[in-house]
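Peer 1: Here is a sequence with its predicted model. Questions after.
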Amino acid sequence: MKKKVVVGMSGGVDSSVAAYLLKKEGYDVIGVTMQIWQSEDPCAVEKKGGCCGVSAVEDARRVAEHIGIPYYVMNFKREFRRDVIDYFVREYMDGRTPNPCIACNRYVKWRSLLQKSLAMGADYIATGHYATVCHLENGRYTLHRSAGNEKTSKDQTYALYNLTQDQLAHTLMPIGKYTKDMTRRIAEEAGLPVAHKPDSEEICFVPDNNYARFIEEDTGKKFVPGNFVDEDGNVLGQHRGIACYTIGQRKHLGIALGYPVFVKELRPETNEIVLSRNDALFGKELVVHDLNFMSYADIEGEIRVMAKIRYNHLAQPAVVKKIGDDRILCCFDEPVRAITPGQAAVFYRDNMIVGGGTIE
């Protein structure tokens, strides 16, 4: 009998196939869905619960019963509120654009779930992410991009760059060598009841993607309007509140200047939003902090990498170097669009994560 593994099951096809494959390989598999919704009202849970709503629990339970593994729902409401929702709201209010999935992966799906799983006597946790955990010759653990995703923007390793060495050492990702089509085919052949379930792409606690409304409802505070200004500081009109906008945005600005304009900069200290033409959004340099390394314990000198600055960004050639204990300067070969404070920059070599950090 192989070792015990707890599989985080969202009710979707990917995590379901992950559990099925591990059971087939002989692991002692336990299925777990993380209860992260904040409301106790079933209707509200289903409306806002996203991948972890009531139907997700029922789908995961049906899959677990089908493949013959024990299944539990674990309460992570407090951790999700503290490490994901509060962080999400705080970043937007401070004029940055957060990535809640990265925070959820590091602090809820891994730190909290792994801690509880180890306490249950498990050796590993497993997920349905399209990535592969690699143990390198230097003793370090890293993530390799999955089959078919190396040259596309659909690369889930971006949102996993912040995992620690200990977390990676206790992680299995059984579908990393497959494509999505292959995963669905495995689900069909295994008779899994979620084989044709569509993917969930929205942020689970903001399913309508209306971040501004969510933040106002969550904080109980109305946004303070301020000025749209051009790059020279000339007032162009009024915005609804800084938290309603993000770098590179064109739609829903509510302003007409006779030519297309985009959000170039958010200035929370003056409550101003700088608008510009599209060509002014391109830059070649950025600085990241709050670093996490995978392939190396640290980097010395300059190294060549492929760098991504958002989830759907196709990685571009760049050079990175340390400029402080917790800061890296990244210089792209060619300008990239809409470098956004609060988002992550992730660096790759040979399709494996070197490390990354938060864009200043």
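Peer 2: Thanks, I have the structure now. Since the structure is predicted, the reported quantities are computational estimates derived from the model, not experimental observations. Residues are numbered from 1 along each chain as shown.

Peer 1: quick one, helices of the protein?
Peer 2: Assigned by DSSP state H, the helices in the chain fall at 13-24, 42-48, 54-67, 77-80, 86-93, 100-104, 113-119, 165-169, 180-190, 211-219.

Peer 1: For these, which has the smallest mean pLDDT value?
Peer 2: Note on the helices of the chain: helix 42-48 shows the lowest mean pLDDT, a mean of 48.

Peer 1: Could you work out the end-to-end span of stretch 336-345 for me?
Peer 2: Stretch 336-345 has an end-to-end distance of 12 Å (criterion: Cα to Cα, to the nearest Å).

Peer 1: ok, residues contacting it?
Peer 2: 91, 95-99, 102, 158-159, 161-162, 246-248, 262, 266, 278, 281-284, 286, 288, 307-310, 313, 316, 330, 356-360 (Cβ atoms under 8 Å, 6 or more residues apart in numbering). Quick note: C-beta positions are derived from backbone N, CA and C, even for glycine.

Peer 1: circling back: quickly compare the helices of the chain and say which is most buried.
Peer 2: Highest mean neighbour count of these: helix 13-24, a mean of 24 (counted as mean count of other Cβ atoms under 10 Å).

Peer 1: distance between it and the chain's centre?
Peer 2: 21 Å (Cα atoms, centre = their mean, to the nearest Å).

Peer 1: name the helices or strands packed onto it?
Peer 2: strand 4-8, strand 28-35, helix 54-67, strand 124-126, helix 180-190 (3 or more Cβ pairs under 8 Å, 6 or more residues apart in numbering; DSSP states H and E).

Peer 1: in the protein, what spans have low per-residue confidence?
Peer 2: 1, 38-54, 147-154, 201-202 (pLDDT under 70).

Peer 1: how about a cut-off of 80?
Peer 2: Residues of the chain meeting the criterion pLDDT under 80: 1-2, 37-55, 146-154, 200-203.

Peer 1: Would you mind giving the helices of the chain as CSV with distance to L143 added?
Peer 2: Formatted as CSV, these follow (distance: least, Cβ to Cβ, whole Å):
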stretch, distance to L143
helix 13-24, 15
helix 42-48, 30
helix 54-67, 24
helix 77-80, 23
helix 86-93, 22
helix 100-104, 13
helix 113-119, 16
helix 165-169, 7
helix 180-190, 18
helix 211-219, 28
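
Peer 1: so which of the ones you listed gets nearest G128?
Peer 2: Closest approach to G128 among these is made by helix 13-24 (3.1 Å; Cβ to Cβ).

Peer 1: what's that closest one in contact with?
Peer 2: Counting by Cβ under 8 Å, 6+ apart, 5, 7-9, 29, 31, 59-60, 63-64, 67-69, 126-130, 172-175, 183-184, 186-187, 190, 192, 194-197, 199 sit against helix 13-24.

Peer 1: how much does that helix deviate in direction from helix 54-67?
Peer 2: 20 degrees (axes from the mean of the first three to the mean of the last three Cα atoms, to 10 degrees).

Peer 1: mind checking which of the helices of the chain is nearest D325?
Peer 2: helix 165-169 (18.6 Å).

Peer 1: for the closest one, packing partners?
Peer 2: strand 141-145.

Peer 1: Just the CA trace of the strand it packs on, in CSV.
Peer 2: Presented in CSV, the C-alpha positions along strand 141-145 are these (Å, rounded to 0.1, in the frame of the first residue of the first chain):
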residue,chain,number,x,y,z
TYR,A,141,11.8,21.5,-5.2
THR,A,142,10.2,23.4,-8.0
LEU,A,143,7.2,23.3,-10.4
HIS,A,144,7.4,22.4,-14.1
ARG,A,145,4.8,23.8,-16.5
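
Peer 1: Nearest to V274 among the helices of the chain would be which one?
Peer 2: Using Cβ to Cβ, the nearest of those to V274 is helix 86-93, at 17.2 Å.

Peer 1: which secondary structure elements does the closest one contact?
Peer 2: Helix 86-93 packs on helix 100-104, helix 211-219, going by 3+ Cβ pairs under 8 Å, 6+ apart.

Peer 1: Adding distance to S146 as columns, could you present the ones you listed in TSV?
Peer 2: TSV is the format used below for the helices and strands packed on helix 86-93 (distance: least, Cβ to Cβ, whole Å):
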stretch	distance to S146
helix 100-104	16
helix 211-219	29
